[in-house]
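Trainee: Take a look and give me a structure for this.
(one chain, ligands or ions: 1)
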Amino acid sequence: MSHFEVNFDGLVGPTHNYAGLSHGNLASMRHRGVLANPKSAALQGLAKMRALHEMGVPQAFLPPLERPSLTKLREFGFAGSDADILRRAQQEAPGLLRAVCSASAMWTANSATFAPGHDTLDAKTHITTANLISNLHRSLESDETAANLRRIFSGEGFRHHGPLRGGPTMGDEGAANHTRLAPAHSDPGLHLFVYGHSAYEPGTSAPGRFVSRQTLEASKSVARLNQLPPSRCCFLQQSPAAIDAGVFHNDVIATGNEGVLLHHELAFADGRAAIGRVERQYEELCGQKLLSIEVPAKRVSLAHAVDSYLFNSQLVTLPDGAMCLIAPEECEESTAVRAFVDDLVADPDNPIRSVRYFDLRASMRNGGGPACLRLRVVLDPSGWQTVPTGVKIDDRQLRALESWVERHYRDALAEEDLADPALVEETRVALDALTEIMGLPGLYSFQR
Ligand code: SUG
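Mentor: The predicted structure is shown next:
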């Protein structure tokens with residue numbers, strides 16, 4: 001049975017806001033305190049899902065987590081009624097309050113790393129939930145995300161692992177630092193793991209300005225847990241200079257799809273030599289040449305790449321076999337990036353035939369582009385059949401989700417609103433209604 005790729009986008013949660021929580025993520029740092037509009041953020045995400053669905057690309061979604069998380073605030077020592085806890089947290093620990101309110105689970109590229117059954121030693125589909133330990137607000141996601149993934153991928157062909165324990169030495173940010181390359185999704189493939197630094201191996205210099213979030217030790221552990229043989233894994237170090245320029249995940253500077261790898265000239269620590277390694281290993285494994293497309297710094301500087309999020313575009317295969325670049329509108333607005341994309345699409349020597357630009361500004365202001373918003377899952381039809389219908393996107397579900405957002409989301413959310421007890425209640429009512437739309441009762445801990 002032939003495998004295919006499904007994009008599981010994160011449904012933007014009702015507390016979407018700009019809390020400046022991610023050091024090293026320039027957009028997050030720049031937009032701290034900007035008034036958020038959760039409703040339009042969620043509708044922008046749904047518009048992307050609708051467009052991909054209408055293009056014939058299989059589409060699904062992962063639900064938001066319950067935020068604000070009163071459970072986490074209790075774990076941090078706050079006690080009393082919900083209103084008391086929120087008030088005290090705002091007075092005594094505003095940073096913690098911002099962290100427990102973040103809707104950051106929307107960036108599902110960071111939720112886990114998948115390895116499909118036609119690549120793994122035991123022929124099972126393996127899923128390792130990311131620990132996201134580099135940032136408190138993101139680390140709080142991992143146990144809830146693991147539970148949701150177990151619920152959604154519960155068929156007998158799935159095996160779940162993680163989140164990795166072990167502190168910063170085991171920092172893992174999921175599929176944002178992982179790309180599966182194969183002649184087609186239905187073919188066995190090569191797994192490219194990109195890490196920021198190694199805790200133990202000499203010669204892997206770390207960035208100076210910002211921290212690197214992914215370690216080699218974590219990437220190798222994920223590969224082992226996911227039952228990937230060494231011949232199917234390639235580990236490359238990210239360029240420390242790129243991390244210091246704001247490239248906090250590899251998917252901010254490189255992207256791939258099937259047999260194409262699009263990357264910036266300055267993405268990897270060893271430059272051309274690194275690309276040469278992937279090309280050789282891919283050819284040995286897959287019996288074909290990898291098409292690696294390098295974007296020279298002369299055409300698109302590192303700074304422009306980070307500002308426009310060109311490499312955070314989704315590269316998707318359409319039903320006719322051609323590829324389409326799903327890019328943020330910021331790419332269209334940059335003269336240099338737009339010119340590069342026009343040339344890319346016009347070049348008959350690659351399979352990228354079209355580009356579609358999307359308004360994802362709400363997510364982009366937090367450093368989350370099209371690719372951050374989705375987790376790629378390669379499945380066979382029997383695995384897909386075990387996935388609950390309620391997370392699968394079709395016209396009916398899109399309409400239900402759009403009107404759910406219209407009904408339950410605020411159109412303005414400022415930092416001071418995070419301590420509003422009404423927000424907790426509104427969110428619970430919304431998530432209750434969502435579990436009905438999804439047909440997944442009891443998904444949230446406040447539900448009985
Ligand atoms: O982890 N931003 C996210 C963006 C994640 C992007 N994902 C990928 N590149 N795959 C992060 O830095 C900002 C939240 C805030 O500041 O309110 C944030 O968490």
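Trainee: Just list the residues touching the spatially most central residue of the chain, thanks.
Mentor: Central residue of the chain (C-alpha atoms, centre = their mean): A109, 1.7 Å from the mean position. By C-beta atoms under 8 Å, 6 or more residues apart in numbering, the contact set of A109 is G174, A175, A176, H249, D251, A371, C372, L373, R374, L375, R376. All C-beta spots, glycine's among them, are computed from the backbone N, C-alpha and C.
Trainee: Enumerate every residue touching the residue of the stretch 251-400 of the chain found nearest the ligand.
Mentor: Nearest residue of the stretch 251-400 of the chain to the ligand: C372, at 3.2 Å (C-beta to the nearest ligand atom). C372 makes contacts with W107, A109, N110, A176, H249, D251, N312, S363, as judged by C-beta under 8 Å, 6+ apart.
Trainee: on that earlier part again, roughly how far apart are the residue nearest to the centre of the chain and D394?
Mentor: With distances taken as C-beta to C-beta, to the nearest Å, A109 is found 23 Å from D394.
Trainee: Any residues of the stretch 51-200 of the chain in contact with the ligand? List them.
Mentor: By C-beta under 6 Å from any ligand atom, the residues of the stretch 51-200 of the chain that approach the ligand are S102, S104, W107, A109, N110, R138, A176.
Trainee: Turn the residues you listed into CSV, including pLDDT and secondary structure.
Mentor: Converted to CSV, these look like this (pLDDT from 0 to 100; DSSP: H, G, I helix; E, B strand; the rest coil):
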residue, pLDDT, secondary structure
S102, 98, coil
S104, 98, helix
W107, 98, coil
A109, 98, helix
N110, 98, helix
R138, 98, helix
A176, 98, helix
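Trainee: thinking again about what came up before, need the three-state assignment for the residue of the stretch 251-400 of the chain closest to the ligand.
Mentor: When classified by DSSP: H, G, I helix; E, B strand; the rest coil, C372 comes out as coil.
Trainee: Of the residues of the stretch 51-200 of the chain next to the ligand, keep whichever come out buried.
Mentor: Buried members of these, counted by 16 or more other C-beta atoms under 10 Å: S102, S104, W107, A109, N110, R138, A176.
Trainee: Go ahead and confirm D411 touches K39.
Mentor: Yes - D411 lies in contact with K39 (C-beta atoms under 8 Å); the separation is 4.6 Å.
Trainee: Please identify which of those two sits among more neighbours.
Mentor: Shown here are D411 and K39; by other C-beta atoms under 10 Å, K39 has more neighbours (21 against 11).
Trainee: Please put the alpha-carbon coordinates of the strand or helix carrying the more buried one into PDB.
Mentor: When elements are assigned from DSSP states H and E, K39 belongs to helix 38-54. Output in PDB follows, covering the C-alpha atoms of helix 38-54 (Å, rounded to 0.1, in the frame of the first residue of the first chain):
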ATOM      1  CA  PRO A  38      -6.600  35.500  18.300                       C
ATOM      2  CA  LYS A  39      -9.700  35.400  16.000                       C
ATOM      3  CA  SER A  40      -7.900  36.600  12.900                       C
ATOM      4  CA  ALA A  41      -4.800  34.500  13.800                       C
ATOM      5  CA  ALA A  42      -7.000  31.300  13.900                       C
ATOM      6  CA  LEU A  43      -8.800  32.300  10.700                       C
ATOM      7  CA  GLN A  44      -5.500  32.900   8.900                       C
ATOM      8  CA  GLY A  45      -4.400  29.400   9.900                       C
ATOM      9  CA  LEU A  46      -7.700  27.900   8.700                       C
ATOM     10  CA  ALA A  47      -7.500  29.800   5.400                       C
ATOM     11  CA  LYS A  48      -4.200  28.000   4.700                       C
ATOM     12  CA  MET A  49      -5.700  24.600   5.600                       C
ATOM     13  CA  ARG A  50      -8.700  25.400   3.300                       C
ATOM     14  CA  ALA A  51      -6.400  26.300   0.400                       C
ATOM     15  CA  LEU A  52      -4.300  23.200   0.700                       C
ATOM     16  CA  HIS A  53      -7.300  21.000   1.000                       C
ATOM     17  CA  GLU A  54      -8.800  22.600  -2.100                       C
END
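Trainee: quick one: the helices in the stretch 51-200 of the chain?
Mentor: With helices called from DSSP state H, counting those that start in this stretch, the stretch 51-200 of the chain shows them at 70-75, 82-92, 94-101, 136-139, 142-152.
Trainee: Using CSV, write out every CA atom in the shortest one.
Mentor: Yep, that's helix 136-139 we're talking about. Only the C-alpha atoms of helix 136-139 are listed here, as CSV (Å, rounded to 0.1, in the frame of the first residue of the first chain):
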residue,chain,number,x,y,z
LEU,A,136,9.7,27.3,29.4
HIS,A,137,6.4,28.1,27.6
ARG,A,138,7.2,25.5,24.9
SER,A,139,8.5,22.8,27.4
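Trainee: returning to what we had before: the helix holding K39: how far from the chain's middle?
Mentor: From the chain centre to the centre of helix 38-54 is a distance of 15 Å (C-alpha atoms, centre = their mean, to the nearest Å).
Trainee: Mind listing residues that contact that helix?
Mentor: Applying C-beta under 8 Å, 6+ apart, the contact partners of helix 38-54 are 7, 9-17, 59, 61, 103, 106, 316, 326, 356, 358-363, 370, 373, 393-395, 398, 401-402, 405-406, 409-411, 413.
Trainee: any chance of the helices of the stretch 51-200 of the chain in JSON lines, plus distance to A303?
Mentor: As requested, these are exported to JSON lines (distance: least, C-beta to C-beta, whole Å):
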{"stretch": "helix 70-75", "distance to A303": "36"}
{"stretch": "helix 82-92", "distance to A303": "36"}
{"stretch": "helix 94-101", "distance to A303": "27"}
{"stretch": "helix 136-139", "distance to A303": "25"}
{"stretch": "helix 142-152", "distance to A303": "32"}
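Trainee: tell me the most buried of the ones you listed?
Mentor: Mean neighbour count (mean count of other C-beta atoms under 10 Å) peaks for helix 94-101 among the helices of the stretch 51-200 of the chain, with a mean of 22.
Trainee: on contacts alone, who are the packing partners of the helix or strand containing A242?
Mentor: Using DSSP H and E, the element containing A242 is helix 240-244. Taking 3 or more C-beta pairs under 8 Å, 6 or more residues apart in numbering; DSSP states H and E as the contact definition, helix 240-244 has no neighbouring helices or strands.
Trainee: Now go through the contacts of helix 38-54 and say which are in helices.
Mentor: Counted as lying in helices by DSSP state H, out of the contacts of helix 38-54, are R361, A362, S363, D395, L398, L401, E402, V405, E406.
Trainee: Report the closest residue of the stretch 201-350 of the chain relative to the ligand.
Mentor: H249 (3.8 Å).
Trainee: where does the chain dip in pLDDT?
Mentor: Along the chain, the model assigns pLDDT under 70 to residues 1, 203-204.
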